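Q: Here you go, sequence then predicted model.
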Amino acid sequence: MAADTTILIVEDEPAIVELVSFTLRAAGWNTFAVNNTAEAWEFIQRRTPQLILLDWMLPDQSGLRLLSKIRGDRQFNEIPIIMLTAKSMEEDKIAGLDHGADDYITKPFSPRELTARIKALLRRKSPEHAQTALTAGAVVLDPVSCTVKISDQKVDIGHAEYKLLKFFMAHPERVFSRSQLLDKVWGDHVVIEERTVDVHVLRLRKVLKSAESLIKTVRSVGYMLSEK
């Protein structure tokens with residue numbers, strides 16, 4: 001998995017923090033741990049993690065309160081969150097999922113199960129963050145080396161066009177409006193006008209040359225990548 005994937009552990013039991021940190025580092029992820037919700041919120045604002053492991057019972061307030069706060073914030077509401085808890089009651093699981101948790105793992109859990117759950121959630125939430133090569137027609141994008149090849153020939157591509165192409169290739173056959181592309185590719189905290197998306201799409205088509213027809217304009221809606 002990507003070394004640029006940061007996972008925040010919000011847990012106040014030192015033995016569990018140690019076990020989870022060791023497990024996640026062994027899987028190749030960057031890990032940071034805090035032991036209460038106030039420190040977690042501070043961390044998230046400073047450095048948005050790709051995933052949060054959130055304990056249910058914390059010293060200052062419940063993990064559910066922090067979960068609700070994250071889900072209520074436009075900048076952070078897409079962060080994948082797995083609840084860690086000693087509670088195995090069905091109604092507690094439902095409460096966690098109702099508050100916006102993506103998954104739920106009950107202590108004690110095996111390191112292998114935790115790793116598998118995280119990998120599955122990251123894949124499901126962010127296919128554009130996967131590290132396997134993406135292919136569409138003659139175009140191959142390698143996320144590890146950040147290179148794009150067309151018919152085995154490497155092409156020069158700008159950073160914005162690369163990000164846009166990567167997003168399209170991770171979500172083929174799906175139409176995205178300009179505002180969705182702004183949000184998903186650049187983040188809604190970046191001030192860019194919607195027509196700037198058109199400029200980047202135009203540049204991307206120029207880069208793709210013979211493969212430019214992969215990027216389709218859907219009238220009155222937006223753009224999509226399609227091999228059809």
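A: It's in. Model, not experiment: these values are computed from the prediction.
Q: and this protein, what are its domains?
A: In terms of domains, the chain is parsed into 6-125, 134-225 (source: automatic domain parsing).
Q: which residues touch residue 31?
A: Residues near residue 31 by Cβ atoms under 8 Å, 6 or more residues apart in numbering: 6, 7, 8, 9, 20, 21, 24, 25. The C-beta positions use only the backbone N, C-alpha and C, and glycine is treated the same way.
Q: Please convert the domains of the chain to JSON lines, extending it with mean pLDDT.
A: Supplementary listing: those in JSON lines, determined by pLDDT from 0 to 100:
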{"stretch": "domain 6-125", "mean pLDDT": "89"}
{"stretch": "domain 134-225", "mean pLDDT": "88"}
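Q: In CSV, list the contacts of residue 31 along with neighbour count.
A: Output for the contacts of residue 31, formatted as CSV (neighbours: other Cβ atoms under 10 Å):
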residue, neighbour count
6, 17
7, 23
8, 24
9, 22
20, 21
21, 17
24, 23
25, 12
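Q: Looking at those, spot the one nearest residue 38.
A: For those, the minimum distance to residue 38 (Cβ to Cβ) is 13.4 Å, reached by residue 8.
Q: What distance do you get for the closest one to residue 76?
A: 11 Å (Cβ to Cβ, to the nearest Å).
Q: try residue 228
A: In this structure, residue 228 lies at 36 Å from residue 76, with Cβ to Cβ as the measure.
Q: Of the two, which one has the most company?
A: More neighbours surround residue 76 than the other of residue 228 and residue 76, with 17 against 6 (other Cβ atoms under 10 Å).
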